[in-house]
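Trainee: based on what follows, work out the 3D shape:
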Amino acid sequence: MPGKRIVQISILDDYFDTLRTLKCFGKLAGHDVTVWNDHVQDVETLAERLCDTEALVLIRERTQIRNALLERLPKLKLISQRSVYPHIDIDACTRLGIIVSSSQHADTPSYATAEFTWGLVLAAMRQIP
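Mentor: Have a look, this model is predicted:
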């Protein structure tokens, strides 16, 4: 039986370096995982950081993943995003054969922020701690 293939994985924007503390992080054992704790938007810097990345994990929606960057990541095969993905150029990913995986259903808008905001407004009006 051949050995397990090592995948180059990059995780962006883990500000507090908490992902490594999660029990499920152990599932990545044996792969080459780089966790970036800062936020970078500069395409040149991102292209340099991610040049060998095969799987990109986005835990926030801050980093713009657009055609200019995607064109410079020839090894990238998968982008995993927890939620909505307005910051990812889906057409470019499709053209380049990059799979975008998200827990958000296609054509389903996310109202979570708006609903939470209204919940806070109502709580403040009713003086609910």
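Trainee: give the contact list for the nearest residue to Asp32 once chain neighbours are set aside.
Mentor: The shortest distance from Asp32 to any non-neighbouring residue, by Cβ to Cβ, 6 or more residues apart in numbering, is to Gln8 (5.0 Å). The C-beta positions use only the backbone N, C-alpha and C, and glycine is treated the same way. Listed by Cβ atoms under 8 Å, 6 or more residues apart in numbering, the contact set of Gln8 reads His31, Asp32, Thr34, Asp52, Thr53, Glu54, Ala55, Lys75.
Trainee: do Asp17 as well
Mentor: Val35, Asn37.
Trainee: from Ile11, how far off is it?
Mentor: When Cβ to Cβ, to the nearest Å is the yardstick, Asp17 and Ile11 sit 10 Å from each other.
Trainee: which residues are in contact with each of those two?
Mentor: Common contacts of Asp17 and Ile11 (Cβ under 8 Å, 6+ apart): Val35.
Trainee: and stretch 75-93, what's buried?
Mentor: Neighbour counts over stretch 75-93 (16 or more other Cβ atoms under 10 Å) mark Leu76, Lys77, Leu78, Ile79, Ser80, Gln81, Val84, Tyr85, Ile88, Asp89, Ala92, Cys93 as buried.
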